[in-house]
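1. Fold the following, please.
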Amino acid sequence: MADATLETLKRILDSDEYQTIPDVPLFDEHDEYDERKTIRDPETGKEIPNPNFGNLLRRYGKEELQEIVENCNRRANDTGNLLPFGPGHLIPDKYENGKLVEKTDERKQPPVWGAYSNFRVGRFGPKQKLAILADQHVRKDKIAEARDYPHRSIELWVQDRYADWVAHLKRSPKQDLGLVIYQANRRKVCYSMDAYDPTNPPDVSIQPPVESGAPEGHKEFMEHMSYAFPHMKAMHEKFAGEWAVMPEHEKARYAAGPGIASSTSGFVPSTGKEKLRMEKTPDQIAAEVKSAADAMSAAEKQRMDKAENDLKLARYEKEVEGLKAEVAVLKETNVKKDQEAKLARYERDLSQLIAEGYELTLADEMGDVADFTPERFAKHVERIKKCYKRVPTGAGQQEFLPVLPGDVEGTGDISKEEQQQIISFATKNGIGDFTEARAKMRAAK
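-> A predicted model of the protein is given here:
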């Protein structure tokens, strides 16, 4: 029997209506933490402190990504339907108290622009982050429109760990996946990473239970329990809040479900002391419950403090890394400026030697001394003064022949001191004619 996925791919590729872009990242590895500082009390409806603030909710590492990949590939192989994508997220159906009250009109859902196939775990981007990669098949008549929706956000079913839609968005989602720029025969990936919170479609399995109505006397009984055993009520509310956000694999450990487990549930092992406990007075039981609640509160506070400190430490470490990068840039800038200042001093000193009549070429000398330390350069200057030929007129290597004053009309009245001044002026300004240098020097005065 032919593979359904291969047949679907063959229809797409043979139609010449799609452009395939390989290795598009869809979902990267990350941890998710409960950042809600408060939650709503199910009984009073008031906001109360979240006892699970800072706790790890879900972790998506290499094993979890591989499980999602296998589920997506298995669904495609079983049905031949690839993972579709289009502009924006799907509009979910509306539930109230666990019941479907309104089903979304399918005509209002976003159109399909193409599909993803060939899911695998790999690395992408400059930081080589681990992620789910897939081949994107986009309709050629939608490429121009897709350029305006460069971001991607998958709709992942957390319990079953598979995706059934990829939303292409104009605005960046809280997901670390970057941009895809469509071009005629190539692709270009530009990374614009943010924090991450994956799309979590409605999960009917964790909808609030349908209220069937309280039995007769239930209200009076609960009021009596709250009055007689206030600490037990607090423990129950705490456990109910934890149960609401507890992962399914953790719930499986508590066979008796939320509440106080029986001795046969596996939650609390049987010790043979249940009869003794039942013979205690209400005051004794209340005292034991209070002691246990106090111990749990202290441990819970310690755990929450640790989680908050861990979050602060992570933020501080990130800030330190940023400061280290800034310091490195400043060091590099200072080294460059120091080098430029050093070369300027070397050029000034060598130019002074040329003005004093030493025969040397500035460009050649600067090339030789560029890497010299100040101490080594000082020794080089002494060597120049000791070993290099010096022109008595101070003309350096200017290629002109100074004309004697008596050989030029109107120069017989020039003193030897002025002659030297004219030669120095000509050397400094690159003038090769004595008369021209004299005229310019006098005009400058």
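2. What's the separation between residue 104 and residue 96?
-> Taking C-beta to C-beta, to the nearest Å as the criterion, residue 104 is separated from residue 96 by 15 Å. Where C-beta positions appear, they are placed from N, C-alpha and C, glycine not excepted.
3. swap in residue 390?
-> In terms of C-beta to C-beta, residue 390 sits 101 Å off from residue 96.
4. looking at this protein, which helix or strand is least sure?
-> strand 187-190 (a mean of 32; mean pLDDT, DSSP states H and E).
5. Please say which of residue 390 and residue 96 ends up with more neighbours.
-> Taking neighbours as other C-beta atoms under 10 Å, residue 390 and residue 96 compare with residue 390 leading, 15 against 11.
6. Residue 419 versus that one, what's the distance?
-> Computed as C-beta to C-beta, the residue 390 to residue 419 distance reads 18 Å.
7. What of residue 73?
-> In terms of C-beta to C-beta, residue 73 sits 94 Å off from residue 419.
8. List the beta-bridge partners for residue 31.
-> Residues in a beta bridge with residue 31, per DSSP bridges, are residue 59.
9. tell me the contacts of it?
-> Going by C-beta atoms under 8 Å, 6 or more residues apart in numbering, residue 31 touches 56, 58, 59, 60.
10. hmm, which of the residues you listed are the buried ones?
-> Applying 16 or more other C-beta atoms under 10 Å to the contacts of residue 31, the neighbour count classes residue 60 as buried.
11. from the contacts of residue 31, which two are the most distant?
-> 56 and 60 (11.3 Å; C-beta to C-beta).
12. hey, what's in contact with both of those two?
-> Joint contacts of residue 56 and residue 60 (C-beta under 8 Å, 6+ apart) are 31, 32.
13. before we move on, what SS does residue 52 have?
-> Local secondary structure at residue 52 is given as coil here, using DSSP: H, G, I helix; E, B strand; the rest coil.
14. same check, this time on residue 90
-> Following three-state DSSP, we place residue 90 in the coil state.
15. show me where the stretch 301-445 of the chain has strands.
-> Here the stretch 301-445 of the chain has no strands by DSSP state E, counting those that start in this stretch.
16. low pLDDT regions in it?
-> 392-413, 432 (pLDDT under 70).
17. Make CSV from the contacts of residue 31 and add distance to residue 415 and pLDDT to it.
-> Shown next, in CSV, are those (distance: C-beta to C-beta, whole Å; pLDDT from 0 to 100):
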residue, distance to residue 415, pLDDT
56, 93, 85
58, 95, 81
59, 93, 86
60, 91, 87
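18. Name the nearest of the contacts of residue 31 relative to residue 443.
-> Nearest to residue 443, judged by C-beta to C-beta, of the contacts of residue 31 is residue 60 at 80.7 Å.
19. Wait, the closest one touches residue 66, no?
-> No - at 10.4 Å, residue 60 does not count as touching residue 66 under the criterion of C-beta atoms under 8 Å.
20. where exactly do the helices run in the chain?
-> In the chain, the helices defined using DSSP state H lie at 4-14, 62-79, 143-146, 218-228, 230-245, 248-251, 274-278, 282-355, 362-369, 374-387, 416-429, 434-444.
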